[in-house]
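Chemist: got a structure for you, letters missing:
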């Protein structure tokens, strides 16, 4: 069965479904995952997404048609900002460099729980350069020495952000799927060096910020 979002889709998270939770992180997880489950389709093939059981270490959603995995990251704020705080640095690096690395969804909502932006990023583009290592926790911390990470969403090339919702406006389903296919580099996904090379090229194009450019413009980024 294929999901077709209505033009009148609700861009607001439903707090009522988390009324039995007290932890802010649990509330965020419950309401954002439920919204994705109800509203978001697989950008690779258009099929409905299914939710994995809670606390699965690899991903949050999967498509049982094309077998793609998706991990959801949510952030409260008016804009995407520069970064999203995430969990263990080593776990994240292991995950995105593995042969079964997931695609990512990013959900940005404001203080009124209205979704301002929702976009996907292909696993082929998600490379270690996007992950920032945080300082280890101090010796006084309960988990002393633990090292977390940030996802530098401002470093993700614009071409690689496939929006379902942008600035509170829904993007047509066909445009989502068409744009996603342009970021499909499945023939190189198991080669981290090639994935990083693709990322570097797209990053440079972002910084050039021109519709037309030459190889000379690209070479200017060589150190």
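Modeler: Here it is on my side, so go on. Values in this document were obtained by computation on a predicted structure and should not be read as measured data.
Chemist: The strand or helix carrying residue 29: what's the following helix or strand?
Modeler: Taking DSSP states H and E as the criterion, residue 29 maps to helix 24-39. As assigned by DSSP H and E, the chain's next helix or strand after helix 24-39 is strand 50-51.
Chemist: how far does that next one sit from the chain's center?
Modeler: 16 Å (CA atoms, centre = their mean, to the nearest Å).
Chemist: on contacts alone, who are the packing partners of that strand?
Modeler: strand 61-62 (3 or more CB pairs under 8 Å, 6 or more residues apart in numbering; DSSP states H and E). All C-beta spots, glycine's among them, are computed from the backbone N, C-alpha and C.
Chemist: Mind listing the strands the strand it packs on pairs with, and their directions?
Modeler: Note on strand 61-62: by DSSP bridges, its sheet partners are strand 50-51 (antiparallel), strand 69-76 (antiparallel).
Chemist: Single out the most deeply packed of those strands.
Modeler: Mean neighbour count, computed with mean count of other CB atoms under 10 Å, is highest for strand 69-76 among these, reaching a mean of 20.
Chemist: Let me see the residues that make contact with it.
Modeler: For strand 69-76, the surrounding residues in contact (CB atoms under 8 Å, 6 or more residues apart in numbering) are 28-29, 32-33, 36, 42, 49, 58-63, 81, 84, 86, 100, 102-111, 120, 151.
Chemist: mind listing what's buried in the helix or strand hosting residue 174?
Modeler: Assigned by DSSP H and E, residue 174 falls within helix 173-182. By 16 or more other CB atoms under 10 Å, the buried positions in helix 173-182 come out as 173, 176-177, 179-180.
Chemist: Which parts of the protein are helices?
Modeler: 24-39, 89-96, 173-182, 192-208, 215-219 (DSSP state H).
Chemist: quick one: residue 121 and residue 161 touch, right?
Modeler: Yes. With contact defined as CB atoms under 8 Å, residue 121 and residue 161 form a contacting pair (6.3 Å).
Chemist: Between those two, which contacts overlap?
Modeler: Counting by CB under 8 Å, 6+ apart, the residues touching both residue 121 and residue 161 are residue 106.
Chemist: more crowded one of these two?
Modeler: A count of neighbours by other CB atoms under 10 Å puts residue 121 above the other of residue 121 and residue 161, at 24 against 19.
Chemist: Where among the helices of the chain is average confidence lowest?
Modeler: Per-stretch mean pLDDT for those is lowest at helix 215-219 (a mean of 62).
Chemist: what about residue 86, neighbour count?
Modeler: 17.
Chemist: thought it was touching residue 153?
Modeler: No. Distance between residue 86 and residue 153: 10.7 Å, which falls outside the contact criterion (CB under 8 Å).
Chemist: Wait, residue 107 touches residue 36, no?
Modeler: Yes. Contact criterion CB under 8 Å: residue 107 and residue 36 qualify, at 7.1 Å.
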